[in-house]
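Enquirer: Could you look at this predicted model? Sequence included:
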Protein chains: 4
Amino acid sequence: MTIEKKELIRQAAVKIIARDGFYNTKTSKIADEAGVAVGTIYNYFHSKDEILEYIFEVEFEKRINYLKELDDKEISIHDKLSLFIEKHFQEIKNNLDTAQILVREKEFPKTSDFSSILSYLNEIPLLLESMLDEAIEKEEIREQNSTIIAGLIFGALQGVVEKALRTNNLDLLDNAEEEVLTFFKNGI
Amino acid sequence: MTIEKKELIRQAAVKIIARDGFYNTKTSKIADEAGVAVGTIYNYFHSKDEILEYIFEVEFEKRINYLKELDDKEISIHDKLSLFIEKHFQEIKNNLDTAQILVREKEFPKTSDFSSILSYLNEIPLLLESMLDEAIEKEEIREQNSTIIAGLIFGALQGVVEKALRTNNLDLLDNAEEEVLTFFKNGI
Amino acid sequence: MTIEKKELIRQAAVKIIARDGFYNTKTSKIADEAGVAVGTIYNYFHSKDEILEYIFEVEFEKRINYLKELDDKEISIHDKLSLFIEKHFQEIKNNLDTAQILVREKEFPKTSDFSSILSYLNEIPLLLESMLDEAIEKEEIREQNSTIIAGLIFGALQGVVEKALRTNNLDLLDNAEEEVLTFFKNGI
Amino acid sequence: MTIEKKELIRQAAVKIIARDGFYNTKTSKIADEAGVAVGTIYNYFHSKDEILEYIFEVEFEKRINYLKELDDKEISIHDKLSLFIEKHFQEIKNNLDTAQILVREKEFPKTSDFSSILSYLNEIPLLLESMLDEAIEKEEIREQNSTIIAGLIFGALQGVVEKALRTNNLDLLDNAEEEVLTFFKNGI
DNA sequence: GATGAATGAGTATTCATTCAT
DNA sequence: AATGAATGAATACTCATTCAT
């Protein structure tokens, strides 16, 4: 029961923050959207910051679990990338509001504990990096700086989503999967 | 004389905003850093928002002017990309604080007129897109969705910078130019 | 409950604004006087301006309602004036602070919506005017420009109050009713 | 030469303050209107407050000098009032901006020295009062409280001007003189 | 005298958070 | 657990005044 309410608040927050941006979002607006009183929010979150943290947490957890699974599989790097990108765009299309937040909110208060977000933001590229390293070792792909390339890939995915959202051209996302994959396969 | 003071304030703002983030930056801190009174800021900018806008404007103008020059040159897309990326990383290394701001500040107040920033944010990918279109037509590169790929490239560049700044591994930027270029040349 | 708090704030504001003048009154002083936090003021008023507006509204409403009642009565203009003036001075003596505000605050911010105040300021003379017109028609009083005379009467009442407050001679108000009435009855 | 500039600034201030109100008037606007630099204002006035004080001073001086002259004349109170009112409305029509200020600006900062304004504001009713007292003694007019009636007359004159300005009906002023005079003559 | 950029004390307003009900 | 009125620290911005040129 109470878990459902936390989820209710998270979803309301996603909607409002996607529209207005985190710093321009008032807790009262989130409460309105969720149909609860402001005070109720604080029964499930210690602070406004924590809501954002939780949004990131939920979303990244999906990606990371999937990436870890992939990492363990005995398939080519191309197939791994293919599956990850498919999953990624599927999630994006599934929830554009969350996507908006993931690509836009990059300014975290120093005072709050955003360490979990930051570790997530680091962890995805790190997993990509380890995939690449493995593939380089196996000589599946050419020698390359896996740290840089992992950052590049992570950023590239965000760039495509940003482009689609900024120009309000969501059809772009339909073709994105294939285009991105081809580019990456050639690139690495 | 007055132009110098506006520039002085811009530089102070860049430093503080890079460190604390725009929303966590107080105008009084910028004034302190610039060695002027708060009121003086408002002799050169109408609002705090406008300072951020100006920072983006100055920086994007460099990129866009350079890209426009390149676009007119009769050289291969590979050379164009090469020159642009060289210029890009040169500017980044030249001013890491500005770089930090460019990759982090993506939440613009709706009330203010950030149209100029937004148009800049659109213009760079658009220029890349037109370069790609031209190259596709000339059959320099394979058929591809230039809109998506332009977004991808723009995002990828930001991803690399973000990675370097987030992990505080600035050496990464030294190799980035070559790695990114190779990836892009193969990718397109 | 909440209505009581709005009234509490209004009364505190009346006291401070009467003493210091609207433009020299700080919201924090009003809050102190009311025994609430500054923020609480803004739960009941949108702005400092709106407090002043509300003060006028409350006070004028009393006068206007009374005038409208009188207007409907089948009594002579002399009796109407007599009753209105009696009521007026009674209210004044009842709350000198409000009186002070009514006669002193005549500079309304253009940015705010003071239309309601302005309409009140027009309405009282207009009601007086219609009373006079009726009396002229009935030949109770001589032919005269009712617009001018209404303005004159409204101003005269303020002049007497101003005089009493400025010279801090409140006893003046005790005789004012009779003196003013005699003057008006002769005048019209 | 310098006297001319002080006058220039006074006239500019009258125009702006009449339009926007004293508290909503910026010194920079006055400077603009006068075609001088802000700093120049401070060569002729010690403060913004002093400008308002000076405006009142100039205007009241005219009235008071005239009243004093009248007081000394051996004419009936009716003639005195008649001449004063004629003079008054003549001045008003001559400069509506000043009139606007005289009727509207009643909130004086306590910190500044507005004593001269206040004494002027007192002095006119006092002179009227002494005229009335003399007339009462001479049995030109009935027994009455001259203090109250002087306040009443002073306020009534303001009321008529306020009415004309508020309703933007300046034609009213043309008839005002006669109407007011008749009313007063009957009233006293 | 004239200038106008620089100053910084002053203030209305906001909004995340609390806590009595 | 839920509520939402009350809180008050925090802060962008203003504008009268100064003073070096």
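Expert: The structure has been received and is ready for your questions.
Enquirer: going forward, measure contacts and count neighbours with C-alpha atoms only.
Expert: Will do.
Enquirer: quick one: buried residues of the longest helix anywhere in chain A?
Expert: Using DSSP state H, we find that the single longest helix of chain A is helix A:48-72. Within helix A:48-72, the residues scored as buried using 16 or more other CA atoms under 10 Å in any protein chain shown are A:48-49, A:51-57, A:60, A:63-64, A:67, A:70-71.
Enquirer: Next: stretch A:137-154.
Expert: Within stretch A:137-154, the residues scored as buried using 16+ other CA under 10 Å are A:I141, A:Q144, A:N145, A:S146, A:T147, A:I148, A:I149, A:A150, A:G151, A:L152, A:I153, A:F154.
Enquirer: and chain D, which of those residues contact it?
Expert: Near chain D, taking CA under 8 Å from any CA of the partner chain as the test, no member of the buried residues of stretch A:137-154 is found.
Enquirer: Same list (those residues) but as CSV, adding distance to D:T40.
Expert: Shown next, in CSV, are the buried residues of stretch A:137-154 (distance: CA to CA, whole Å):
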residue, distance to D:T40
A:I141, 76
A:Q144, 69
A:N145, 67
A:S146, 67
A:T147, 64
A:I148, 62
A:I149, 64
A:A150, 64
A:G151, 60
A:L152, 60
A:I153, 63
A:F154, 61
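Enquirer: Among the residues you listed, name the ones in helices.
Expert: A:S146, A:T147, A:I148, A:I149, A:A150, A:G151, A:L152, A:I153, A:F154.
Enquirer: which one is the residue of chain A found nearest chain C nearest to, not counting chain neighbours?
Expert: Going by CA to the nearest CA, chain C is nearest to A:S28 of chain A, at 13.6 Å. With sequence-adjacent residues excluded and distances taken as CA to CA, 6 or more residues apart in numbering or on different chains, A:S28 is closest to A:V38, at 5.7 Å.
Enquirer: That neighbour against A:A31, yeah?
Expert: Yes. Proximity of A:V38 to A:A31 meets the contact threshold set by CA atoms under 8 Å, at 5.2 Å.
Enquirer: The two: which has the busier surroundings?
Expert: With neighbours defined as other CA atoms under 10 Å in any protein chain shown, A:V38 and A:A31 compare such that A:A31 has more, 19 against 16.
Enquirer: Which elements pack onto the helix or strand harbouring that one?
Expert: Per DSSP states H and E, A:A31 falls inside helix A:27-34. On a contact count with 3 or more CA pairs under 8 Å, 6 or more residues apart in numbering or on different chains; DSSP states H and E, helix A:27-34 meets helix A:2-20, helix A:38-44.
Enquirer: what does it rub up against?
Expert: Helix A:27-34 is contacted by residues A:L8, A:I9, A:Q11, A:A12, A:A13, A:I16, A:A37, A:V38, A:T40, A:I41, A:K48 when judged by CA atoms under 8 Å, 6 or more residues apart in numbering or on different chains.
Enquirer: tell me the angle it makes with helix A:48-72.
Expert: What separates the directions of helix A:27-34 and helix A:48-72 is an angle of 60 degrees, with axes from the mean of the first three to the mean of the last three CA atoms, to 10 degrees.
Enquirer: from the middle of its chain, how far away would helix A:27-34 be?
Expert: Counting by CA atoms, centre = their mean, to the nearest Å, helix A:27-34 is centred 23 Å from the centre of its parent chain.
Enquirer: about what we covered before: who wins on neighbours among the contacts of helix A:27-34?
Expert: A:A13 (27 neighbours).
Enquirer: Find me the pLDDT at that one, would you?
Expert: The score at A:A13 is 98. That number is its pLDDT.
Enquirer: and it, what is it in contact with?
Expert: Going by CA under 8 Å, 6+ apart, A:A13 touches A:I30, A:E33, A:A34, A:I51.
Enquirer: Considering the residues you listed, which possesses the most neighbours?
Expert: A:I30 (24 neighbours).
Enquirer: Flag every residue of chain A that's near chain B.
Expert: Residues of chain A found near chain B (CA under 8 Å from any CA) are A:20-24, A:104-110, A:144-145, A:148-149, A:151-160, A:162-163, A:172, A:176, A:179-180, A:182-188.
Enquirer: Can I get the buried ones among the residues you listed as something I can paste into ChimeraX?
Expert: Buried members of those, defined by 16+ other CA under 10 Å, are picked up in ChimeraX with:
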select /A:20,21,22,23,24,104,105,106,107,108,144,145,148,149,151,152,153,154,155,156,157,158,159,160,162,163,172,176,179,180,182,183,184,185,186,187,188
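Enquirer: Just the ones of the residues of chain A next to chain B in helices?
Expert: Those of these lying in helices (DSSP H): A:20, A:104, A:148-149, A:151-160, A:162-163, A:172, A:176, A:179-180, A:182-187.
Enquirer: Just the terminal-to-terminal distance for stretch A:101-117.
Expert: From the first residue to the last, stretch A:101-117 extends over 13 Å; the measure is CA to CA, to the nearest Å.
Enquirer: How far does it sit from its chain's centre?
Expert: The answer for stretch A:101-117 is 12 Å, by CA atoms, centre = their mean.
Enquirer: The residue of chain A found nearest chain D - nearest residue in space that isn't next to it in sequence?
Expert: For chain A, the residue closest to chain D is A:N24, as judged by CA to the nearest CA, at 30.6 Å. Nearest residue to A:N24 in three dimensions, chain neighbours excluded: B:P109, at 7.0 Å (CA to CA, 6+ apart).
Enquirer: measure A:T167 to B:P109 for me?
Expert: From A:T167 to B:P109 the distance is 18 Å (CA to CA).
Enquirer: same deal with A:F184?
Expert: For A:F184 relative to B:P109 (CA to CA), the value is 35 Å.
Enquirer: Can you give me the domain boundaries for chain A?
Expert: A:1-45, A:50-187 (automatic domain parsing).
Enquirer: Might you report the residue contacts of A:I148?
Expert: B:V160, B:K163, B:L172, B:A176, B:E179, B:V180.
Enquirer: If we use 10 Å, what do you get?
Expert: A:I148 makes contact with A:125, A:129, A:154, B:156, B:159-161, B:163-164, B:172-173, B:175-177, B:179-180, according to CA atoms under 10 Å, 6 or more residues apart in numbering or on different chains.
Enquirer: cool, and A:A135?
Expert: So A:A135 contacts A:S76, A:I77, A:H78, A:E129, A:I141, A:R142, A:E143 (CA under 10 Å, 6+ apart).
Enquirer: Perfect, that will be all.
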